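> Return a 3D structure for these sequence lines:
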Amino acid sequence: MDEQIGFFKIQEGQILVDCIQRMTEADTIRTKAAIEGINRLNRGGKPVNEEKSKDIVLETKRLILRKMREDDFENVRRFLADPEVMYAYEHGFDDQEVRDWIANNQRRYREDGFGLWLMIDKKTGQSIGDCGITWQMVNETPVLEIGYHLEKEKWHHGYAIEAARACKAYAFETLGADRITSIIRDTNSASQKVAVRNGMKPVETIIKHYRGFTMPHLVYEITREQYEADQKDSAA
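Below you'll find the model as predicted:
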């Protein structure tokens, strides 16, 4: 894969990209995520809407998506420890796995500029799950994936598709992605329906091995071309 050569400087509160040559898709997306983060600082760190938190990334009609923090342990444990929520992993997470989950996403924020974000119900101010964008491997190729986990009491209320659509728009419009995926177990019909509602189509099947289980997964995908066509259709 080609190497990235990039240089940045901040001048009068703006980001100037002096030279970016032969960038891989992953490098390009990480660069755009970094620029977006710095631009937020240059705008005075103003948060989305009225929430006063530098950790906020996205807002929808009913939801706020923000970065996870160390003190979110109980918030995250509520859904990760539920075996029904985490049935794709074949078990509810223990306390150490919850801490690792938070730490891994914080690492993603630092290294990639994005990850899974905590999902907050704006009406109650309570967390109800997570949703976001991560790098995954499909046949040894890195792909961006939209993933989510929702507290069981919040199932069937449209929160998953609301958050997933916001992440899809962020991937294409902010990160400049060429395509975005959702990688879903073949038995998870509910998440497959969310992917279809998010404009995705199944393109291939892969096999994952986890904790002694063999798990077929369907790779759902939407390309930039299809996303832009859908946007034109919805605006017509």
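> Can you give me the buried ones in the helix or strand that contains Ala195?
Following DSSP states H and E, one finds Ala195 within helix 189-197. Residues of helix 189-197 classed as buried by neighbour count (16 or more other C-beta atoms under 10 Å): Ser191, Gln192, Val194, Ala195. Placement of C-beta: from N, CA and C, glycine included.
> Make CSV out of those and add distance to His217 and pLDDT.
Rendered in CSV, the data for the buried residues of helix 189-197 read as follows (distance: C-beta to C-beta, whole Å; pLDDT from 0 to 100):
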residue, distance to His217, pLDDT
Ser191, 10, 96
Gln192, 11, 97
Val194, 15, 97
Ala195, 12, 98
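> Pull the distance from the helix holding Ala195 to the chain's centre.
On the basis of C-alpha atoms, centre = their mean, to the nearest Å, helix 189-197 is displaced by 16 Å from the centre of the chain it belongs to.
> Identify the residues contacting the helix or strand that that helix is followed by?
Scanning forward in sequence from helix 189-197, with DSSP H and E defining helices and strands, the next element found is strand 201-210. Counting contacts by C-beta atoms under 8 Å, 6 or more residues apart in numbering, the residues outside strand 201-210 that touch it are 89-90, 138-139, 183, 186, 192, 214-222.
> Can you tell me which of those is nearest Asn105?
Compare each of the contacts of strand 201-210 with Asn105 using C-beta to C-beta and the shortest gap goes to Tyr89, at 15.5 Å.
> The spatially closest residue to that closest one that is not a sequence neighbour: neighbouring residues, count only.
Counting by C-beta to C-beta, 6 or more residues apart in numbering, Tyr89 lies nearest to Tyr210, which is 6.8 Å off, once chain neighbours are set aside. Per other C-beta atoms under 10 Å, the neighbour tally for Tyr210 reads 11.
> Who does Tyr210 form a beta bridge with?
Partner residues in beta bridges with Tyr210, using DSSP bridges, are Phe213.
> Same check on Leu65?
If you apply DSSP bridges, the partners that Leu65 bridges to are Leu58, Met119.
> do Glu145 as well
Residues in a beta bridge with Glu145, per DSSP bridges, are Thr134, Thr181.
> What distance do you get for it to Phe114?
When C-beta to C-beta, to the nearest Å is applied, the distance between Glu145 and Phe114 equals 11 Å.
> Fine by me, thanks again.
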